[in-house]
Every structure is written in C-alpha cells, then in structure tokens.
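Q: heads up, no residue letters with this:
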C-alpha cells in the first residue's frame, strides 16, 4: 500500500471509524483498466492504488471524505465519463470538459475533482483539475494526485478537520494548502 494511502487509512480508522467502515472494498484491476481505457490513456499509479484500496463510497451515501467531496466509486467514475462524453458529443460541454480527465471525487452538484492525464491548459499530465458544471473557469488545484493526497492527509493529521469532514477553520485550511502549493489554484477560463 502506498504510504499516503496507509496514512489516510490509519487516520480514518482512528478518527472517522463509521466513515471508514462505510467505504467499499477495493476495485478490481479490470474495472480500473476500463477507466484508463475510457479516459484514453494510463492512469497515475497513485490513482490506481486509491481505487484498489477502496472502491469509493456507496453511490447513495451522503457522507464526505473532505467537506463536500465524496470519494467516487468506479461505477460513478465510469458513469461520469459516459455522461461527459455524451455532453461533449452533443456540444453541450464541448469546451468545458477536457480529454483525459478522470473524476475521482464528486459532489451533489455534479462537480468533480479530476486527474488530468494529458496536461490540459499547458500544464502537466497528472495535475488535478476542478470541474464545476456551472462555472466557465476550471481550476488546476494541485500539481498531482500525490500533492492532493499528501495535503489532505497532512491536514487531517494536523487537526484541520472535524470528525464530520468539514474543516474547523476554512481560512486556516486554505492557508495550509497555499503554503504547500504556492501559485495554486491556477484559474483557467474557456
């Protein structure tokens, strides 16, 4: 198990045991390979490991990993990829969704945090893009999934989150992220 996933697992077991117990068993490599195929390329190793650790949370769960973000199941990831492909083909989201984006966190508003496997906006493959369905801006939130997970786990361990996934002090949490990743988020408009 990747050390960051092991730290996340330990923290969740100790601090949010009900949420931890609610997570689904890991996804099979065949399903993870299908996500990679539909995304048109290879997935970052840490995303593969995250999906193999836990196949997200049940789709009907209203609990969150981090604030409003829920860990998506592979079924939800594949569904989102299908939905976005249909919207792009029908020119509804043609300029709003990027090739090679793989959602892994979602919320009730249809927004996603995605691993960008191709490096859109002149960025690097593996960067984390925030997709908001009703916003013409896209934000590069983190340089990589490793940066996202390390920041999340460190924020949990530093006590910046309560036992309900909400940051105790949103400004302190944002400052924590900014110190770790100067220059992020990077706003890009369409």
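A: Here it is on my side, so go on. Note that this is a predicted model, so its numbers are computed, not measured.

Q: From residue 84, how far out is the residue of the chain most remote from its centre?
A: Distance from the C-alpha centroid of the chain, by Cα atoms, centre = their mean, peaks at residue 90 (25.6 Å). Remark: distance between residue 90 and residue 84 (Cβ to Cβ, to the nearest Å) = 11 Å. Every residue, glycine included, has its C-beta placed from N, CA and C.

Q: Helices of this protein, start to end?
A: For the chain, helices defined by DSSP state H occupy the ranges 3-15, 17-22, 29-39, 45-53, 74-89, 145-157, 170-180.

Q: can you tell which of these is closest to residue 120?
A: Of all the helices of the chain, helix 29-39 sits nearest to residue 120, with 12.6 Å by Cβ to Cβ.

Q: Name the residues that touch the closest one?
A: 42-43, 48, 51-52, 55, 74, 77-78, 81-82, 85, 100-102, 117 (Cβ atoms under 8 Å, 6 or more residues apart in numbering).

Q: same question for it, mean pLDDT?
A: Averaged over helix 29-39, pLDDT sits at 93.

Q: Could you check the least confident helix or strand in the chain by mean pLDDT and say which residues are buried?
A: Across the helices and strands of the chain, mean pLDDT, DSSP states H and E gives its lowest value to strand 186-189, namely a mean of 79. Across strand 186-189, burial judged by 16 or more other Cβ atoms under 10 Å covers 186, 188.

Q: still on that earlier bit, any idea which of the helices of the chain gets closest to residue 187?
A: Comparing the helices of the chain by Cβ to Cβ, helix 170-180 comes nearest, at 14.0 Å.

Q: how far off helix 145-157 does that closest one point, in degrees?
A: 140 degrees (axes from the mean of the first three to the mean of the last three Cα atoms, to 10 degrees).
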